[in-house]
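Q: need coordinates for the below:
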Amino acid sequence: MPTYDEFVEEIFYFPSFLQGDDEFDVAEDRSTYRDTANWCLFGEIITVKTIPRLTLVCRDKKDWIFHVRFDLDGDAQVERRRFMPGHTVAVLNTIAKRFLDGTYWMEGVYVKKLENCRDFPMELSELFQMNTELVKYTDGIDKQKDTRPCGACGKEGQELKKCGGCGYYYYCDAACQKTAWKRKNHKNECKVLKDPNMKMLLNLKAATEPLRFTN
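A: Residues are numbered from 1 along each chain as shown. Below you'll find the model as predicted:
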């Protein structure tokens with residue numbers, strides 16, 4: 001039975017801003033305390049600033065406000081329109097820093113490479129709900145009996161049809177799938193779940209090498 005990472009409850013691999021590594025938190029050997037290959041910081045974008053650099057004002061899962069500032073290496077460019085208020089931004093393997101915004105100190109993280117940052121078109125609460133429901137759904141799969149519940153009505157069976165979009169949910173028939181699209185928000189969630197970057201995050205804990213997002 002497949003198992004996927006829980007974004008809300010897991011604080012080590014998916015920390016809130018204050019639970020993540022800080023630039024001043026170092027071990028005796030000067031390395032950071034976190035010894036995992038990967039971790040991810042989620043934040044819902046509240047405001048987008050463009051001066052002096054593109055900066056996203058975000059809210060994490062503990063309602064803490066932090067900033068994501070882009071300071072890309074080399075000649076790399078970032079498209080402002082990729083990041084919208086109300087969307088959720090995910091930043092991989094980052095360290096909290098403090099930096100000046102004019103005359104004010106801000107807390108946040110720097111993005112040096114676009115492959116470490118990704119925008120998902122849904123609010124943070126919606127993304128967490130999507131993840132929680134998926135984990136709950138896959139817990140209902142019986143590997144020994146080779147049965148799984150319908151993603152709409154809950155009826156268990158072996159001959160259910162897999163969603164052709166995300167590939168995670170199964171349905172009795174087209175009618176049940178249509179019900180899930182309308183009543184369980186799967187139409188919107190499916191678009192996010194089929195994104196290879198989200199699929200990567202759902203298996204982040206199992207990765208042994210540093211991950212990166214793809215366009």
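
Q: and the protein, what are its domain boundaries?
A: 17-122, 126-193 (automatic domain parsing).

Q: out of those domains, nearest to Glu9?
A: Closest of the domains of the chain to Glu9 is domain 126-193, at 8.8 Å (criterion: CB to CB). For glycine as for every other residue, the C-beta is placed from the backbone atoms N, C-alpha and C.

Q: now do the closest one: distance from first to last residue.
A: End-to-end distance of domain 126-193: 12 Å, with CA to CA, to the nearest Å as the criterion.

Q: now do that domain, average pLDDT.
A: Regarding domain 126-193, the rounded mean pLDDT is 93.

Q: who touches the lengthiest helix in the chain?
A: Ordering each helix of the chain by length in residues (DSSP state H) puts helix 124-139 first. Helix 124-139 is contacted from outside by 1-4, 6-8, 42-44, 59-61, 88, 120, 122, 149, 151, 168-169, 184-185, 188-189, 192-193, 202, using CB atoms under 8 Å, 6 or more residues apart in numbering.

Q: keep only those of the residues you listed that are in helices.
A: Secondary structure defined by DSSP H assigns 188-189, 192-193 of these to helices.

Q: just those residues now: which is nearest Leu72?
A: Of all these, Val192 has the smallest distance to Leu72: 24.9 Å, by CB to CB.

Q: okay, now the closest one: neighbour count?
A: Neighbour count of Val192, defined by other CB atoms under 10 Å: 18.

Q: before we move on, back to that, now render the ones in helices among the contacts of helix 124-139 as TSV, adding distance to Ile141.
A: Shown next, in TSV, are the ones in helices among the contacts of helix 124-139 (distance: CB to CB, whole Å):
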residue	distance to Ile141
Asn188	23
Glu189	18
Val192	21
Leu193	16
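
Q: so which of these is the most crowded?
A: When neighbours are taken as other CB under 10 Å, the top entry among these is Glu189 (25 neighbours).
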